[in-house]
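**Q** Quick one: sequence plus predicted model below, questions after.
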Amino acid sequence: MKPGTSSLRVRLPVLVFALEVMIVGLFATFVTYDDNADAKFQNNGTNPMDNAVYKDYPFFADIQVMIFIGFGCLLAFFRLYGFGGMVFNFLVATFSIQWAILVQGYFQFSNDGKIQLGVINLINAEFACAVVLISFGAVLGKTSPLQLLVMALLEVPIFAVTEWAVLKYLKINDAGGSILIHLFACYFGLGVTFVLYRPGLNKGHAKENTSYQSDILSLMGTLFLWVFWPSFNSSLTLKGDDQHRAILHTFIGLCASTITAFALSALLNKNGKLSMADIQNVTLAGGVTVGASVDMMISPAAAYALGMVGCAACMLGYKYLSPVLAHRFRIQDQCGIHNLHGLTGLISCTAGICAIMMANEEVYGPSLYETFSHRAPKEGDPKLLELQALIPGLPPGLGRTAREQALFQVAAMFSTIAVAAVGGLLTGVVLKMPYLASPSDDLCFDDQLYFDMPLDSYLPLNLNRWSNEEETTTKCL
């Protein structure tokens, strides 16, 4: 028996059951239905199509596919760690969503001190789950399921507090989550992997490779993420034209980053061939780079340009920056989350700030103050009454100028990065506890440590690969 496997027989069940007892107790004490799910507020005269489920559930279902199938398959790219990538994604995701409902709900207590549960809570919880899964990518194959659960246990509250503080006090525009999802998840994950640095892995690992089958499975994950990313970026935008623009911009950005990724992959490969790692990851860059400005009037051409720029930054990051981070800065970013979420997130935030600076009534009309609610006039301002005559129910805002809103965006970006990095460092310290059964260097990236493996799982692969292209062509013919 491999060292460490027997320890999970007690430690994993104890941790899981303890977490379940905690969660069910908190659900029993604090969670109830919201008005759209409570029978007391429904009757035969209620139009079922007025229920929020019909507006929100389609987006929830799409994000579910991204979380459980998209992320799961994408993380299964290691030849000998496919079970770990998919199954631990499943484990961490289900726990993170439950935990996020409670932690995020703490900041949304109703007057009776309850968390009113509806589909929109599930969508918000899945965003918090996505944060954890992105961070998971930085330590993929180097952590035990115990460590991953504890990481989720700590990361979700740190994220929820950051999200609450940024939205309540800085009051930013971040429809696609470039700041609060992508940047937070990236720098939290980098903080964790910095503390869990393994010198023995810097020169590579015998099991740190892929296979034909694992690459195909990972590409399937990419395709699921690609197809449903417009729902991810648009789910919490204002219904109507804002949501419509978010879907259009996300699709255009993804298309641009995809074809650019194919071109750059061939260009930067010394043999002029395509790399599956590039296709699996870099093609998604456009979904991130349009995130901060996804619901704004940036123009389809700008969305396309953002997809191209994000793809180029992500590709160059994988080729040149990741090795430098690993060898000189002790940051072993296993899935390259800094390239796909960090660099592209910074580009997205910069584009969002530019879009905010250029937004005016000439382009948006009165709806400027809906898309940018904090620029709406304050209570008592005569202009507010004029706008409310055009847009009934428009709430008073903060009266910010475009420049002031842009400065708050900058403040949110850097404060989020700082909190995430510090939170990741502290979490990494906790994850080094011996009780959490961290795998040894030689057992990283290996499913044997945690799973009962089928008999054919370690049969030699690719033994019939031909050594040169000429022989391969002859064989195929």
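**A** The structure has been received and is ready for your questions.

**Q** so where do the helices sit in the stretch 1-150 of the chain?
**A** Along the stretch 1-150 of the chain, the segments classed as helices by DSSP state H, counting those that start in this stretch run 8-30, 53-65, 71-74, 82-106, 119-138, 145-165.

**Q** helices or strands next to the first one in the packing?
**A** The one in question is helix 8-30. With contacts taken as 3 or more C-beta pairs under 8 Å, 6 or more residues apart in numbering; DSSP states H and E, helix 8-30 sits against helix 82-106, helix 145-165. For every residue, glycine as well, the C-beta is placed using N, CA and C.

**Q** same question for it, mean pLDDT?
**A** For helix 8-30, the mean pLDDT works out to 95.

**Q** same question, the second one
**A** Here helix 53-65 scores 96 as its mean pLDDT.

**Q** and if you look at the fifth one?
**A** This predicted structure assigns helix 119-138 an average pLDDT of 97.

**Q** could you give the angle of it to helix 53-65?
**A** Helix 119-138 runs at 10 degrees relative to helix 53-65, counting by axes from the mean of the first three to the mean of the last three C-alpha atoms, to 10 degrees.

**Q** likewise the last one?
**A** What separates the directions of helix 145-165 and helix 53-65 is an angle of 140 degrees, with the same axes, to 10 degrees.

**Q** list the helices and strands helix 145-165 packs on?
**A** helix 8-30, helix 82-106, helix 119-138, helix 184-195, helix 402-431.

**Q** Now distance to residue 269 too, for those, in CSV please.
**A** Shown next, in CSV, are the helices and strands packed on helix 145-165 (distance: least, C-beta to C-beta, whole Å):
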stretch, distance to residue 269
helix 8-30, 41
helix 82-106, 25
helix 119-138, 23
helix 184-195, 26
helix 402-431, 32
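
**Q** Nearest to residue 326 among those helices would be which one?
**A** With C-beta to C-beta, the closest approach to residue 326 among those belongs to helix 184-195: 9.5 Å.

**Q** same for that closest one, what does it pack against?
**A** Counting contacts by 3+ C-beta pairs under 8 Å, 6+ apart, helix 184-195 packs against helix 119-138, helix 145-165, helix 337, helix 402-431.

**Q** now, of the ones you listed, which is deepest in the fold?
**A** helix 337 (a mean of 27; mean count of other C-beta atoms under 10 Å).

**Q** ok now that one, how far from the chain's centre?
**A** Centroid displacement of helix 337 relative to its chain, using C-alpha atoms, centre = their mean, to the nearest Å, is 10 Å.

**Q** now swap in stretch 50-69 and tell me
**A** With C-alpha atoms, centre = their mean as the basis, the mean position of stretch 50-69 lies at 16 Å from the chain mean.

**Q** Give me the buried stretch members for it, please.
**A** Residues 51, 55, 56, 59, 60, 62, 63, 64, 66, 67, 68, 69 are the ones in stretch 50-69 that count as buried (16 or more other C-beta atoms under 10 Å).

**Q** circling back: any idea which of the helices and strands packed on helix 8-30 gets closest to residue 454?
**A** Closest to residue 454 of the helices and strands packed on helix 8-30 is helix 82-106 (C-beta to C-beta; 9.8 Å).

**Q** quick one on the thing from earlier: for residue 279, which of the helices and strands packed on helix 8-30 is the nearest?
**A** With C-beta to C-beta as the criterion, residue 279 lies closest to helix 82-106 of the helices and strands packed on helix 8-30, at 17.3 Å.

**Q** Can you spell out which helices and strands pack onto that closest one?
**A** Packing partners of helix 82-106 (3+ C-beta pairs under 8 Å, 6+ apart): helix 8-30, strand 31-33, helix 71-74, strand 115-117, helix 119-138, helix 145-165.

**Q** May I see those organised as a markdown table, with distance to residue 451 added?
**A** As requested, the helices and strands packed on helix 82-106 are exported to a markdown table (distance: least, C-beta to C-beta, whole Å):
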| stretch | distance to residue 451 |
| --- | --- |
| helix 8-30 | 11 |
| strand 31-33 | 34 |
| helix 71-74 | 15 |
| strand 115-117 | 34 |
| helix 119-138 | 18 |
| helix 145-165 | 11 |
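
**Q** Grab the nearest non-local neighbour of residue 378.
**A** Leaving aside its chain neighbours, residue 378 sits nearest to residue 399 (4.4 Å; criterion: C-beta to C-beta, 6 or more residues apart in numbering).
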